[in-house]
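*Asks:* A predicted structure for the sequence below; I have some questions about it.
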Amino acid sequence: MFDPVVVVPVYDHPATIGAVTQQVRAQGLHCILVDDGSSAECAAVLDALVAAQPRDISLVRLPANQGKGAAMVAGFRAAAGLGHTHVLQVDADGQHACSDIPQFLALARWNPEAVIAGCPIWDDSVPKGRLYGRYLTHVWVWINTLSFDIRDSMCGFRLYPLATLLPLLDEERIGRRMDFDSDVIVRLHWRGVPVINQPTRVTYPQDGISHFRLGRDNVLISAMHARLFLGMLWRAPRLLWRKVAES
């Protein structure tokens with residue numbers, strides 16, 4: 001069975017979440033909005049969206065801001081509780097091309113055990129500092145997986161199979177904030193979950209709101225890479241043997 005749902009973590013994006021939800025619904029998918037401790041203004045927008053389409057939109061509300069990773073975990077568990085098999089993660093700020101959702105779904109139908117990972121096609125709106133900074137994470141991910149299987153670990157537009165994701169969340173500590181996306185996909189790769197890279201257009205809205213905190217989140221991401229590197233060291237024989245077996 002293949003029963004996907006979209007989960008959108010929301011933290012103070014009142015100006016964009018309505019359009020994102022509309023774009024998701026245009027693809028015929030149920031949408032779970034996770035309010036990660038948003039302000040009263042954004043919370044009211046989310047309440048109105050659910051009230052207008054109660055059968056098509058669900059709302060999970062966290063009492064205080066816990067971070068993108070924590071919001072996604074809450075969304076994953078809500079999706080499982082509703083009986084869905086796969087979760088498509090979409091950001092709330094409008095940077096992801098929801099018109100590409102059919103490609104993600106088609107790949108997942110043919111590869112239901114795989115993570116379908118968005119691989120950004122950037123336009124001129126991307127800040128150069130953010131673009132260059134991503135490459136350091138790319139290099140660490142390649143080191144920590146001993147492969148080039150994951151082309152971009154930071155893109156928040158991806159589709160997960162819950163059958164393999166939920167056991168990971170139950171058994172291991174995963175980053176709760178901006179370190180979540182890279183952390184979870186590396187650990188799924190360690191467990192042998194296939195990763196399929198799907199090119200997708202990404203736009204940085206000129207008036208968009210970023211919740212990336214330069215100091216805090218860079219510390220968290222650096223600590224994540226250190227943990228993953230240590231985890232890779234004792235997994236290295238198994239990871240290398242897997243590469244030999246697949247060759």
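*Replies:* Arrived safely, thanks for sending.
*Asks:* residue nearest the centroid of this protein?
*Replies:* Centroid-nearest residue in the chain, with C-alpha atoms, centre = their mean: residue 156, separated by 3.7 Å.
*Asks:* For that residue, which non-adjacent residue is closest in space?
*Replies:* The spatially closest residue to residue 156, leaving aside those adjacent along the chain, is residue 91, at 4.8 Å (C-beta to C-beta, 6 or more residues apart in numbering). Backbone N, C-alpha and C define where each C-beta goes, glycine included.
*Asks:* I'd guessed that neighbour sits against residue 157; true?
*Replies:* Yes. Using C-beta atoms under 8 Å, residue 91 makes contact with residue 157 at a distance of 7.0 Å.
*Asks:* Neighbour count for those two, which is higher?
*Replies:* With other C-beta atoms under 10 Å as the criterion, residue 91 and residue 157 differ in neighbour count, and residue 157 comes out ahead with 26 against 19.
*Asks:* Tell me the confidence at that one?
*Replies:* Among the per-residue scores, residue 157 shows a pLDDT of 97.
*Asks:* Test my guess that it contacts residue 200.
*Replies:* Yes. Under the contact definition of C-beta under 8 Å, residue 157 touches residue 200, with a separation of 5.7 Å.
*Asks:* Secondary structure element for residue 225, which one?
*Replies:* Per DSSP states H and E, residue 225 falls inside helix 214-246.
*Asks:* Residue 140 too?
*Replies:* For residue 140, the host element (DSSP H and E) is helix 128-145.
*Asks:* Cool, thanks, signing off.
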